[in-house]
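**Student:** only geometry, no sequence info:
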């Protein structure tokens with residue numbers, strides 16, 4: 001997840017202009033300022049075919065012409081490719097050619113019979129490999145034996161872009177011409193009486209736009225005309241039209257490609273590493289450049305994720321290496337393009353399921369096997385407090401069904417959701433809510449597999465008894481496991497673990513854990529995690545210790561081994577420790593975090609601590625609280641990073657507002673990941689109760705609820721990597 005931010009990023013231009021990270025960005029030839037080749041590109045990938053020389057040729061009857069071929073391979077495609085003509089007219093043929101594996105070029109020789117009909121025809125060239133095929137076209141003019149063959153040598157590609165002068169040169173084969181005329185439409189530009197037939201055409205007085213030129217050779221009163229070429233006169237400088245991301249954007253991903261579109265096609269040879277500069281935090285960034293087939297869209301892709309936070313500056317065109325259009329006009333009016341990469345990126349906007357100023361709070365979050373996060377929360381609307389769940393689809397949040405409640409009526413009180421997602425992407429939700437008797441609070445749950453289905457009840461409770469906020473994990477068998485506390489009217493104790501029966505028709509107490517004694521009692525917040533492949537769970541909870549005369553964090557496994565360390569865990573200050581968060585390392589050793597407050601306080605003066613179990617004793621992570629520069633720190637959420645180091649999020653106050661902070665343990669100290677997280681600004685926009693999880697790439701996501709000044713909403717942010 002974490003990468004050093006101080007390592008310099010070398011500028012590295014891999015390929016001038018080639019097919020790179022996206023299919024559809026192909027090689028753009030740059031001969032006489034011509035437009036891109038006529039090769040076609042299939043978005044399915046594999047390869048694309050183009051003619052690397054002129055797509056038009058003139059051939060005498062009985063002669064031949066060889067067309068050079070260019071093949072762009074993508075997505076690891078390495079097969080041989082066969083190239084042939086498709087249904088050529090009578091008298092025209094070509095032996096199929098093969099572009100061998102590992103090669104990107106070849107040629108196709110087209111032969112013309114001595115009796116082939118004179119005239120111009122369009123030939124279809126097909127490249128095939130298995131079920132994949134690509135096609136492009138060429139123009140072939142068959143010239144009668146005894147006639148003069150007139151062809152353009154410059155421009156050699158059939159078209160050219162100029163802003164001032166252009167060299168025109170014609171070759172005549174099959175005899176000697178009395179003279180050669182160069183025509184623009186019907187207007188004679190020049191009359192040339194001897195070889196070499198060449199002329200410098202000054203276009204500065206011509207109108208901008210495309211002009212059709214032909215060459216006409218005359219011999220003994222008979223005229224022979226070349227195929228037409230197009231010369232486009234262009235004296236207008238190109239301009240950058242759109243930029244992605246837009247200049248001034250401040251929520252840009254460290255992994256996204258950057259794109260700019262232009263008013264006209266760029267000259268490929270001007271698009272070089274020297275003509276485009278990308279800098280992040282003052283350091284040059286290695287990049288690849290890809291120009292689209294029409295030459296109007298340039299994509300810049302950093303070869304490594306950019307450092308965060310940083311400000312990125314992209315300069316298009318340098319004094320010593322300008323960007324130009326096909327005619328050579330320099331890019332006009334391009335200023336530096338700046339945007340910012342934060343440490344954290346928002347995943348959508350504020351989440352609230354009920355219209356109006358309603359409080360959405362107490363969020364739970366997991367990531368599905370499809371890589372998309374799912375969040376569930378409680379929200380009060382009018383007299384009903386229900387559970388709501390949304391899933392991110394890659395571009396927006398989608399509601400999973402409607403409001404969830406297990407009790408009929410308009411005065412429901414569903415709260416404190418816990419969630420798990422199985423390997424087949426089934427979502428399990430459990431929450432606490434009043435029973436129908438209205439005096440006892442029980443757990444209820446539902447499962448989502450395309451629609452919500454009720455889970456079995458956890459067993460009725462006598463009047464006035466309550467179950468606490470649930471914690472949920474998945475056993476190694478992919479079975480949901482729930483743990484909670486229970487108040488019996490006198491004291492609060494930890495209940496046995498609830499396992500969901502494989503047929504989903506009842507909850508069973510598979511494992512028991514240490515029950516309350518005179519030494520440990522009055523259980524509070526509970527957390528649970530599964531020991532990998534051992535059919536056992538670890539439970540952490542806060543409870544009061546008579547022997548220590550303090551409330552601390554108790555941790556035990558469901559194998560009946562008793563409390564790890566033999567006692568509750570607190571900091572050396574031994575203040576009231578509550579709200580534990582639990583995670584396991586790769587060896588299934590528990591890590592815990594908690595908030596520790598002065599007696600009588602639930603927020604003021606609270607600090608955050610963390611510790612790990614080394615197999616025989618608890619070791620504090622750090623010698624001081626994990627507070628950053630915030631105060632009144634509460635509600636830690638602890639997870640294990642993909643690098644084997646834990647990460648922690650908590651809510652803390654740093655003037656002028658309460659916000660969310662995230663830190664990573666480096667092995668010797670806690671390192672803050674970016675600035676405080678707050679979706680809204682102002683003294684009345686407090687952020688509470690964060691929850692951390694990892695996405696499918698092992699990067700952290702954090703969710704919390706935050707006031708907008710009138711009511712609270714749910715927010716989700718992801719680490720920018």
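**Tutor:** That came in fine, so what should we check first? All values reported here derive from a predicted model rather than from experimental measurement. Residues are numbered from 1 along each chain as shown.
**Student:** phi, psi of the nearest residue to residue 696 once chain neighbours are set aside?
**Tutor:** If the residues on either side of it in the chain are set aside, residue 696 comes closest to residue 371, at 4.1 Å by Cβ to Cβ, 6 or more residues apart in numbering. (Glycine included, C-beta is placed from N, CA and C.) Taking degrees, to the nearest 10, you get phi 90, psi 0 for the backbone angles of residue 371.
**Student:** from residue 421, how far off is residue 371?
**Tutor:** Residue 371 sits 11 Å away from residue 421 when distances are taken as Cβ to Cβ, to the nearest Å.
**Student:** ok, now residue 478?
**Tutor:** Distance of residue 478 to residue 421, given as Cβ to Cβ: 10 Å.
**Student:** again with residue 621
**Tutor:** Distance of residue 621 to residue 421, given as Cβ to Cβ: 28 Å.
**Student:** what's the answer for residue 471, then?
**Tutor:** Using Cβ to Cβ, residue 471 is found at 15 Å from residue 421.
**Student:** between these two, which one's more packed in?
**Tutor:** residue 471 (25 against 19; other Cβ atoms under 10 Å).
**Student:** who's the more buried one bridged to?
**Tutor:** As for beta bridges, residue 471 partners with residue 483 under DSSP bridges.
**Student:** quick one, what contacts it?
**Tutor:** For residue 471, the contacting residues are 418, 482-484, 526-528, 539, by Cβ atoms under 8 Å, 6 or more residues apart in numbering.
**Student:** with pLDDT added, can I get these in CSV?
**Tutor:** What follows is these, written out as CSV (pLDDT from 0 to 100):
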residue, pLDDT
418, 98
482, 95
483, 94
484, 94
526, 95
527, 96
528, 94
539, 94
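**Student:** which one (most neighbours) among the residues you listed?
**Tutor:** The member of the contacts of residue 471 that has the most neighbours, counting by other Cβ under 10 Å, is residue 527 with 28 neighbours.
**Student:** mind listing the strands for the stretch 451-600 of the chain?
**Tutor:** Across the stretch 451-600 of the chain, reading from the start of the chain, the strands by DSSP state E, counting those that start in this stretch fall at 452-454, 466-467, 471-474, 480-483, 485-487, 492-494, 498-500, 507-509, 520-521, 526-531, 536-545, 550-557, 576-584, 590-597.
**Student:** report pLDDT for residue 275.
**Tutor:** Reading off the per-residue confidence, residue 275 sits at a pLDDT of 95.
**Student:** so residue 530 touches residue 557, yeah?
**Tutor:** No - with contact defined as Cβ atoms under 8 Å, residue 530 and residue 557 do not form a contacting pair (10.7 Å).
**Student:** quickly list what's touching both of the two.
**Tutor:** When contacts are counted by Cβ under 8 Å, 6+ apart, residue 530 and residue 557 are jointly contacted by 536-538.
**Student:** are any of those buried, and if so which?
**Tutor:** Among these, those that count as buried by neighbour count (16 or more other Cβ atoms under 10 Å) are 536-538.
**Student:** can you put these in CSV and add pLDDT?
**Tutor:** Below are those laid out as CSV (pLDDT from 0 to 100):
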residue, pLDDT
536, 80
537, 90
538, 93
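**Student:** ok, those residues vs residue 460, which is closest?
**Tutor:** Lowest distance from residue 460 to these (Cβ to Cβ) belongs to residue 537, with 24.8 Å.
**Student:** residue contacts, the closest one?
**Tutor:** When contacts are counted by Cβ under 8 Å, 6+ apart, residue 537 touches 473, 475, 481, 483, 497, 511, 528-531, 557-558.
**Student:** repeat that for residue 472.
**Tutor:** 418-420, 428, 430, 480-483, 528.
**Student:** got those as CSV, with distance to residue 330 columns?
**Tutor:** Listed next are the contacts of residue 472 as CSV, based on distance: Cβ to Cβ, whole Å:
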residue, distance to residue 330
418, 62
419, 58
420, 60
428, 62
430, 65
480, 65
481, 67
482, 68
483, 69
528, 66
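**Student:** quick check on the closest residue to residue 118 other than its chain neighbours: phi, psi?
**Tutor:** Spatially, and ignoring its direct neighbours in sequence, residue 118 is nearest to residue 144 (4.6 Å; Cβ to Cβ, 6+ apart). Phi and psi for residue 144, reported as degrees, to the nearest 10, are phi -70, psi 140.
**Student:** how much space between residue 144 and residue 224?
**Tutor:** In this view, residue 144 and residue 224 are 10 Å apart by Cβ to Cβ.
**Student:** ok so, going back, between the contacts of residue 472, which is closest to residue 232?
**Tutor:** Of all these, the one with the least separation from residue 232 (Cβ to Cβ) is residue 419, at 61.7 Å.
**Student:** tell me what that closest one is bridged to.
**Tutor:** Residues in a beta bridge with residue 419, per DSSP bridges, are residue 429.
**Student:** residue 272 contacts residue 320, doesn't it?
**Tutor:** No - the criterion here is Cβ under 8 Å, and residue 272 misses it with residue 320 at 10.7 Å.
**Student:** and those two? Which one has more around it.
**Tutor:** Between residue 272 and residue 320, residue 272 has the larger neighbour count (other Cβ under 10 Å), namely 15 against 6.
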